[in-house]
Structure formats: C-alpha cells, structure tokens
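Enquirer: coords please:
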Amino acid sequence: MNSAVVLLLAFGIGVVTGLRSMTAPAAVAWAAHLGWLNLSSSPLAFMGSAIAVGIFTVGALVEFVADQLPGTPARTAMFPLAARIVLGLLTGACLAVAGAASLRLGAVAGVLGAIGGAFGGYQARVGLVRSLQSSDFSIAVPEDLVAIGLALFLVSRF
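Expert: Numbers count the residues shown, from 1 in each chain. Alright, predicted model coming up:
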C-alpha cells in the first residue's frame, strides 16, 4: 500500500480518537486480534492480545455511557485531550506499521488527527445542538455511530 494512503488512514484513526478516545484503540485491537492488521513483529504486537482487546473494548463501552453524563469534562479539556493525543499516537503508529509505513510518521499523523478530531468534533457537536435546538444526547449517539463506523472502515483497509 502507498505510504501516503497509509498515513492518511493513520490521520483518520487519529480523528476517530479525537471523537471518542477509546473507540479507535478498541477497533485497532480487534483488527490486530482478528488478523486484519499485522503487528506481529513490531513493538505494537501487544495490541492484538486478548488483554488489549478486553481493556480497550470495556473502555470504549464505558466511554459511550460516560459521555452522556453531565459532569463529563469536554474532550478539549487538558486531561481528555492529553489522553486523545496519546491514543492517537498509538493508533496512528499501529496503522502505519500494518501498512509498512514509518511508525514515527504514523504516530505524528495520529496525533494531528486526534487534535483535529477533538476540536472539530467538539465544535460540530456544540454547533449542531445549538442550531437544531436539540438535546446533547440526540447528537452524541449519531457521533458515536460515526466514530464506530469510521474506525471499522479505516482498520478494514489493510
């Protein structure tokens, strides 16, 4: 696969991380576990383990619920943004390795995607809630579905 395409996919998985921090690593872990992504001879091989699948899947499910709670901080706050940056780095690197591209460039692409996804997703969600005069929940659930669908699309390209 072309390195530019791989880096675009790494950026995309970073965007997913910006939208839902645990959805992208859950999708990557499942893809590696199922053999869609070959990470076996890399430092990222642990992503295909049953433990990684379990941790990231539970994390994603908890995040879907926690996102609906009124006390949940904005994704652009310091700690949630830092987590998205780290997970964007991890998931971008995984896709780069699976696509035989530079791990470092994939990590950078994932981080840039995570930052863009966090701020862009936040602005889109707030804007849609205001313009449609709807509840946050009615926008959050479709955003969850977009994040899941995009993550599955991206990890299935290999």
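
Enquirer: count of residues packed around Asn38?
Expert: The local packing of Asn38 (other C-beta atoms under 10 Å) involves 16 other residues. Bear in mind the C-beta positions are built from the backbone N, C-alpha and C, glycine included.

Enquirer: what residue, apart from its backbone neighbours, is nearest it spatially?
Expert: Spatial nearest neighbour of Asn38, excluding adjacent residues (C-beta to C-beta, 6 or more residues apart in numbering): Ala98 at 5.6 Å.

Enquirer: from Leu128, how far off is the one you found?
Expert: Distance, Ala98 to Leu128, using C-beta to C-beta, to the nearest Å: 33 Å.

Enquirer: need the contact list for the residue nearest to Asn38.
Expert: 6, 32, 37-39, 158 (C-beta atoms under 8 Å, 6 or more residues apart in numbering).

Enquirer: could I get the phi/psi values of Glu63?
Expert: Per-residue torsions, Glu63: phi -60, psi -40 (degrees, to the nearest 10).

Enquirer: what about it, neighbour count?
Expert: 17.

Enquirer: leaving out sequence neighbours, find the closest residue to Gly99.
Expert: Nearest residue to Gly99, sequence neighbours excluded (C-beta to C-beta, 6+ apart): Val6, at 3.3 Å.

Enquirer: the one you found reaches Ala100, doesn't it?
Expert: Yes. Between Val6 and Ala100 there is a contact under C-beta atoms under 8 Å: 7.4 Å.
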